[in-house]
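Enquirer: next input, structure requested:
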Amino acid sequence: MASLSFRGTRPSVFAAAVVLLPALLALLLPAGVLAARTTKPGRPSAAASGRLAQLPGRRGCLVDRTVKAGSCGTARALAGAGPFMGSRAIAVSADGRNVYVAASRSDAIAIFARNRRTGVLRQPAGKGGCVAAKGSGGCARAVGLDGPNSVALSPEGRFLYATSRAANSVTAFRRNTSTGALRQLAPGSGCVSGIPIPGCAAGRALVAPDVVAVSPDGANVYVGSFFGNAVAIFQRARNGVLYQASDASGCIAEAIAGCAPAIALAAPEGLAISPDGANVYVGGALSSSVVELAREPATGALSQPGDGSGCIVDVALAGCTTGVQLSGANAIAIAPAGRDVYVTSLFSNSVTSFSRSAAGILTQKPGTHACMVYLRAVGCSFGRAMIAPEGLALSPDGSSVYLASFKSGAIDVLDRDRESGFLAQKAGRAGCLAARRVPGCRPGRALRGVSSIALSPDGRFVYSTSFASNAVNVFRRKR
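Expert: Residues are numbered from 1 along each chain as shown. Reported below is the predicted structural model:
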């Protein structure tokens, strides 16, 4: 946690950080003995196993070349891979050819060529292997890439967008679909920032941006602004350039003049767009909330329903529905069919489950199906090694859910019933892989501070980032 810095932020941001600090420090307390008990709240899918096995030797992990490699391979621009503030630091291209990793300490995005048959990653030499602020480490040069923490690819795979917390920016890159190399768009088009940065356009509601997502139709890019308590909204041109409207359609926030109004939007850290493009869902870490926003397809503008269905909160709040185990709501993932939504919560040490109606309204699932929590919580099922869960991803077939748990250094493996959406952690050692000796988990390598997770398009491989290990990890998924 000592790595968290707030360069380029306003004095009020420091005050917010002070408020957040006690909760963050709680994560540093000894974890104690992890429970080995697992319950099965739902009917897991018997068709797909979902078990993970880390690839052997240097193929199973790559660490930054500045640290001791151990049994892992080495790569450039991986220092601080997958920072704590950012649960979408890794992305796999839709064609399966490349993997991209945001590394905050390197001020870089590492680029890897991917063998689609074996899942193995290889970093191209020179500028084709990374982009970085000031072009450090032999990488291609980028502007506004100061503390990157989240990446997202456009649906057609020709552009990549990244948020950078310290630069208060979102940056845009053209992707070479043959080599995977990234080239930043022209000055004034390749970067939008909430603070004055040479070469960057001015943007609104960009204060320590944490997460970025592209709409399924490719028309919009949405950025969650952690200390802005806002979502910045951009229209996206065919050439990849981002445009932000000057009126209320350009942002939605709790208290920013000129933005559309919203409640329970404090510290957005998770963000997901429904497959039909009708809704944007936001995880508010400091409001301990899941916020439902309606999306206008023609403009990409967002609005919050005012009938109480626009937010679900951990503690009762006027205008919102009350849920359970949402303290420090973090990553959000939506099932492939769009009927179920899942949320990790950092301080609840939980994953919660919601049903999504045809109108986009979320309802927390009944009974113990509503929540899975580390150790014990009344009314919830048990989760093992689930301490400070951050990243979250579903397999393409919807049969498995994977959690990246930052404090325990674990990847939790859950079965998902595709009919009911209910989750059950796999029994025994198949239910988790962990960085150190954790009772009941299989051992994994270079998993300290595991934070973000992504799957290959065919569902055969899983990739994760590990902040404290300065690493990217590779796993084969049994189907």
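Enquirer: return the residues in contact with E269.
Expert: Going by Cβ atoms under 8 Å, 6 or more residues apart in numbering, E269 touches 85-87, 210-211, 224, 226, 283-285, 329-331. Heads up, the C-betas are built off the backbone N, CA and C, glycines and all.
Enquirer: er, Y281 I mean
Expert: Applying Cβ under 8 Å, 6+ apart, one finds that Y281 lies in contact with 270-274, 290-293, 332, 334, 341, 362.
Enquirer: hmm, 6 Å instead?
Expert: Y281 makes contacts with A272, E292, I332, as judged by Cβ atoms under 6 Å, 6 or more residues apart in numbering.
Enquirer: what does the helix or strand the last one falls within rub up against?
Expert: For I332, the element it lies in under DSSP states H and E is strand 329-334. Residues lying outside strand 329-334 but in contact with it, judged by Cβ under 6 Å, 6+ apart, are 87, 269-270, 272, 274, 281, 283-284, 288-290, 341-346, 390-392, 394.
Enquirer: could you find the closest non-adjacent residue to R429?
Expert: Of all residues not flanking R429 in the chain, R442 sits nearest, at 4.6 Å (Cβ to Cβ, 6 or more residues apart in numbering).
Enquirer: roughly how far apart are that neighbour and I453?
Expert: R442 sits 16 Å away from I453, going by Cβ to Cβ, to the nearest Å.
Enquirer: okay, angle between whichever helix or strand comes after the strand holding I332 and strand 329-334 too, please.
Expert: Of the helices and strands lying after strand 329-334 in sequence (DSSP H and E), the nearest is strand 340-345. Using axes from the mean of the first three to the mean of the last three Cα atoms, to 10 degrees, one finds that strand 340-345 and strand 329-334 are set 160 degrees apart in direction.
Enquirer: partner strands of strand 340-345, with direction?
Expert: strand 329-334 (antiparallel), strand 350-356 (antiparallel) (DSSP bridges).
Enquirer: now do the first one: distance to the chain's middle.
Expert: Chain-centre distance of strand 329-334: 8 Å, with Cα atoms, centre = their mean, to the nearest Å.
Enquirer: with the last one instead?
Expert: Mean-position distance between strand 350-356 and its chain equals 16 Å (Cα atoms, centre = their mean).
Enquirer: which element follows that strand toward the C-terminus?
Expert: Using DSSP H and E, the helix or strand that follows strand 350-356 towards the C-terminus is strand 362-364.
Enquirer: buried set for that next one?
Expert: Going by neighbour count (16 or more other Cβ atoms under 10 Å), the buried part of strand 362-364 is L362, Q364.
Enquirer: need the contact partners of it.
Expert: With Cβ under 6 Å, 6+ apart as the contact definition, strand 362-364 has outside contacts at E292, G323, V341, F354, S355, R356, A370.
Enquirer: which strand residues bridge the fourth one?
Expert: Beta-bridge pairing of F354 under DSSP bridges involves V341, Q364.
Enquirer: residues near it, how many?
Expert: Neighbourhood size, F354 [other Cβ atoms under 10 Å]: 23.
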